[in-house]
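[1] Sequence and computational prediction follow.
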Amino acid sequence: MPEPAIVVEDYSFWFKMPGGDRVLALDKVSFEVETEDFTLVLGTSGSGKSTLALNLVGILPDYFGGWNEGRIRVRHPERGLINRRELSAGERFSIVNMLFQNPEDQIVTLTVEEEVGFALENYQVPRNEISDRITAALDLVGIADFRERSTIRLSGGEKQRVALAAMLAMKPQVLILDEPTSNLDPIGKEQVLDAVQRVRERSDASIMIVEHEVDEVYDSVDKVLLVDNKHVVGPMSPREFMRSNGLHVRDEMGLWIPQATEVGLELAQRDVVLDRMPLNGDELVHALRDVIVARPARPDTDVPAESTAAAATGEQVAADAGDGRDAADRESVIQIRDVSYSYASRADVLRNVSFDIRSHEVLAIVGQNGSGKSTLAAQLNGILRPSRGQVLVDGKPTTAYKFAKLAKRVAYIFQIPEKQFIRGNVYDEIAHSLQALKVDEAEIAERVDAMLDQIGLADKKTLSPYMLSHGQKRRLSVACMVISEPDVIILDEPTFGQDYRQARRIMEFMTSLAARGSAVTFITHDMRLVAEYADRCVAMSEGRAIFEGGPAELFSAEDVLRRTHLKMPPVMAFCNELLGETVLTSADAVERIMEVVHGRFRTGLQGR
Amino acid sequence: MDDFELAYKDADSFFHRMDPVSKILYVTAVSFVAIFNSSIVVGVALFAFVFFCAAFLTGISLRTYWTLGKVIMPFILIVAIVFPFFYAGQVTTGSEEIALRTPIRDLSWAALGFGALLALRFLAIGISGLTFAFTTHPADLVQGVSRYGMDYRLVHAPVLGLVLFPSFVQLAREISTTQRIRDLGQDRNWLQRKVGRMRHLAFAMLVLGLRRGQTQAMALDIRGYGASKQRTFMRPLPSSTAGRVFAWTFFAISVVYLVVQFTNMSGAMVWNWA
């Protein structure tokens, strides 16, 4: 019988607030994590996932204050399960360790070798043993040849793997990974998840991973633990968790769930019950083939004719926007013409890039880190000026505009909201953009109050922007740039650090702006977002725009996906296999599968 | 930030083989002689010596020195050209005979020597500082100083500074860009706007820096940083007898020179503050 690696019993934690007040963050939490288990920790932004992780590792309350009750027991290699309190800080961290979200925040030395050996030196591991342990840890995460490299020049994914190796060198019993891929591009994400998988196979550590985007890990975890409003549900098996909580966590809590599971749950709601809850595309395809073939055909009367026609011709099934974003209304607002750009330290970051940005349209710019996306975005509002070629805003080159004037027409929203805040409170932060346009004070007050209501921050208007939660900061950063109604809005990684509900909220707001005539451009690594919201995509690779077209075309262009290291969303992959057609969202997939299940297209499927 | 030049460069040279404390001695001696020396001859000799060490004893190309050194060249030129006009007998660097007539003021050989001495002073200190940075691995510095009883946690701080420096520069650039995008202080005059932007930059850097520092502190703690007073150092500390002899000899000569110089001036300060 597996033994627990960590046991949490009736554990509560309160944050210490200025003035001595207590704020309850975890309320009588009890659970166990078994040895060698791979556990996924789910929860909304601000639900207490990171607080739980910091308590498990001992950073809270020991280092940053607070009060706790109950106990946490951990498995000591020699002494068995013991109360964490009985261990010194050093011992504690060598048993339970944690990888942080941002790789930049946890690199503390200049070379990979030193970074991995740093903890071993602190724990006074003998010098002759350190080298072997560094070699083993680097090998475990697949970067054995990185040993001599400088940490400063590593990519995000590489840094995160180095940080993971540094933890593994300590041989911890429990490894907590706090959103380890949220700051990474697709290739970095893949590298880190591969490394985690390798660690799982080759070490006996229990791994707990906190993640928002679960498609890539869900089918490989052993258990799922849900942190919900200061309480914990589970751990339970992933299938059991989705069966009992799947729709609740998506609809009520607003979390991402795997697209295959989402489709399975929606089908179950419509009376198409699968043998077992699918956790990935393969399982869904397998389960549905049986259902589709076994189910007798029956006439269907409730399928809309136009949808049927689209399906019959094998076209992309995408809901007609019908919200003012018709292709006919789209006019070019920015023309990018043969733009090249070189930094003093790096040549040819952009090479002959040409495309248009249009009103009434949501455009996604995708590609790896370093492919030129951000440099391209910086050309659009004049932060950078092209080395060659032109960026024309309303037919006039950006070089002919005053910077401040151009910045008001082309709003740029940073990935990290804090970098954008310039005023002392939430109200002033939004009002600033209108004051810069010399709008009348009464009108400013009216428009700012309306915006505060819209973004749900009306009760926070006197607070410092830095005091808001991450989701609130993100909404504020968007609000303060769009209040002045710019023609073009550029959004860098809109869903960074956001859960599903918050991400959707922002994107739906953007879509509404596009419907009113704005040109919305977003830079992202999130292909689900691209599939769901983009009208058009530009894929960047090595400074070139190698693709321009709709999301369905992008995800069908294998060469482009290979060169940009992008992956089609899971729903598209399994719909391709199951239906032989392009479907971009879970909702569309459910509709199409229902049509097929109802028997209209049985012949095509049986022939496959 | 793509490039980060102020860093250790791996090589096998006389200076790389010296222990860090000997190199600290070398830089200290150069700095004190450069600052307190009042003789143009010694100034030139010191510069030549430091340049010789950099060119032939470090294994680092002069181009690498130039990459960083060129940043302070405008400052050194300004010092060399402007300060002779303010010469008032501060140091004894030449005769009072007029060497150059200008519309502003006629410059004596002593005044020109004063400018040259100041420029040589900064060049000598700059080059020896770069020699130290290029040839001293930060981990060796921590280890070297720890051997003399200093807490390794204190000495690791400069290493952390080197790691964090590029990202802080990047952060400052992004905040400055934000200020331009959002037109911070658009209703103020140029000076007020600049002051306002500097104040905001300082505040934002402080808030974001503190937050970053907090995470960095956690990252250090969970890797056992400070778990005990001592630690193992996996890198063997460079150490050479020749290096120690070189450093101590140079240090001793420097002390003797400075003592002689002060003595000859009968205890008077070299600088004439009046």
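    It's in.
[2] looking at the chain, which helix or strand does the model trust least?
    All of this is about chain A. Taking mean pLDDT, DSSP states H and E as the measure, helix A:305-312 is the helix or strand of chain A with the lowest mean score, a mean of 37.
[3] meant chain B, my bad for not saying
    For chain B, counting by mean pLDDT, DSSP H and E, helix B:152-181 ranks last in confidence among helices and strands (a mean of 80).
[4] Now do the following helix or strand past the least confident helix or strand of chain A, average pLDDT.
    With elements assigned by DSSP states H and E, the helix or strand that comes after helix A:305-312 is strand A:332-341. Average pLDDT, strand A:332-341: 92.
[5] Then stretch B:126-139?
    Stretch B:126-139 shows an average pLDDT of 91 in the prediction.
[6] Can you pull the poorly scored residue ranges out of chain A?
    Applying pLDDT under 70 to chain A flags residues A:1, A:292-329, A:345, A:497, A:599-608.
[7] can I see the domain layout of it?
    Listed by automatic domain parsing, the domain ranges of chain A are A:4-245, A:261-318+A:572-606, A:327-549.
[8] and residue 58, what does it touch?
    Chain wasn't specified; assuming chain A. By CB atoms under 8 Å, 6 or more residues apart in numbering or on different chains, the contact list for A:Gly58 reads A:Arg84, A:Ala89, A:Arg92, A:Phe93, A:Val96. In short, each C-beta sits where N, CA and C put it, glycine included.
[9] if you could check chain B rather than the one you did, that'd help
    Counting by CB under 8 Å, 6+ apart, B:Thr58 touches B:Ala11, B:Ser13, B:Phe14, B:Phe15, B:His16, B:Thr131, B:Phe134, B:Thr135.
[10] I'd like the distance between the fifth one and A:Thr181.
    The reference is to B:His16. Look at B:His16 and A:Thr181: by CB to CB, to the nearest Å, they are 39 Å apart.
[11] what do you get for the fourth one?
    Relative to A:Thr181, B:Phe15 is positioned 43 Å away (CB to CB).
[12] Where does the residue lying closest to B:Asp151 once chain neighbours are set aside sit: helix, strand or coil?
    Nearest residue to B:Asp151, sequence neighbours excluded (CB to CB, 6 or more residues apart in numbering or on different chains): B:Lys229, at 7.4 Å. Following DSSP: H, G, I helix; E, B strand; the rest coil, we place B:Lys229 in the coil state.
[13] B:Lys229: neighbouring residues, count only.
    For B:Lys229, the neighbour count with other CB atoms under 10 Å in any protein chain shown is 8.
[14] and what of A:Gln390?
    Other residues near A:Gln390 come to 18 when the count uses other CB under 10 Å.
[15] Am I right that it is in a strand?
    Yes: under three-state DSSP, A:Gln390 sits within a strand.
[16] Double-check it against A:Ser340; I have them as touching.
    No: A:Gln390 lies out of contact with A:Ser340 (CB atoms under 8 Å); the separation is 10.8 Å.
[17] all helices of chain B, in order?
    Ranges of helices in chain B, per DSSP state H, are B:14-17, B:20-36, B:40-56, B:62-82, B:109-135, B:138-146, B:152-181, B:190-221, B:241-264.
[18] what about A:Val249, which SS state?
    Under three-state DSSP, A:Val249 comes out as helix.
[19] Contacts only, for the closest residue in space to it that isn't next to it in sequence.
    Excluding its sequence neighbours, the residue lying closest to A:Val249 (CB to CB, 6+ apart) is A:Leu255, at 4.6 Å. Residues counted as contacts of A:Leu255 (CB under 8 Å, 6+ apart) are A:Leu42, A:Gly43, A:Thr44, A:His212, A:Val249, A:Asp499, A:Tyr500, A:Arg501.
[20] If we use 10 Å, what do you get?
    By CB atoms under 10 Å, 6 or more residues apart in numbering or on different chains, the contact list for A:Leu255 reads A:42-45, A:47, A:212, A:214, A:226, A:228, A:245-246, A:248-249, A:499-501.
[21] Same check on A:Ile444?
    Neighbour list for A:Ile444: A:Tyr427, A:Ile430, A:Ala431, A:His432, A:Ser433, A:Leu434, A:Gln435, A:Leu437, A:Lys438, A:Ile483 [criterion: CB under 10 Å, 6+ apart].
[22] Give me the neighbour count for whichever residue of chain B sits closest to chain A.
    The nearest approach of chain B to chain A comes at B:Ala227, 3.2 Å away (CB to the nearest CB). Residue neighbour count, defined by other CB under 10 Å, stands at 19 for B:Ala227.
[23] tell me which element the residue lying closest to it once chain neighbours are set aside falls in.
    The shortest distance from B:Ala227 to any non-neighbouring residue, by CB to CB, 6+ apart, is to A:Gly90 (3.2 Å). For A:Gly90, the host element (DSSP H and E) is helix A:89-95.
[24] residues from the stretch 51-200 of chain B in reach of chain A?
    Counting by CB under 10 Å from any CB of the partner chain, the residues of the stretch 51-200 of chain B close to chain A are B:137-139, B:142-143, B:152-153, B:156, B:159-160, B:162-167, B:170-171, B:174-175, B:177-187, B:196-197, B:200.
[25] Now stretch B:98-114: buried residues?
    For stretch B:98-114, a neighbour-count test (16 or more other CB atoms under 10 Å in any protein chain shown) marks B:Ala99, B:Leu107, B:Ser108, B:Trp109, B:Ala110, B:Ala111, B:Leu112, B:Gly113, B:Phe114 as buried.
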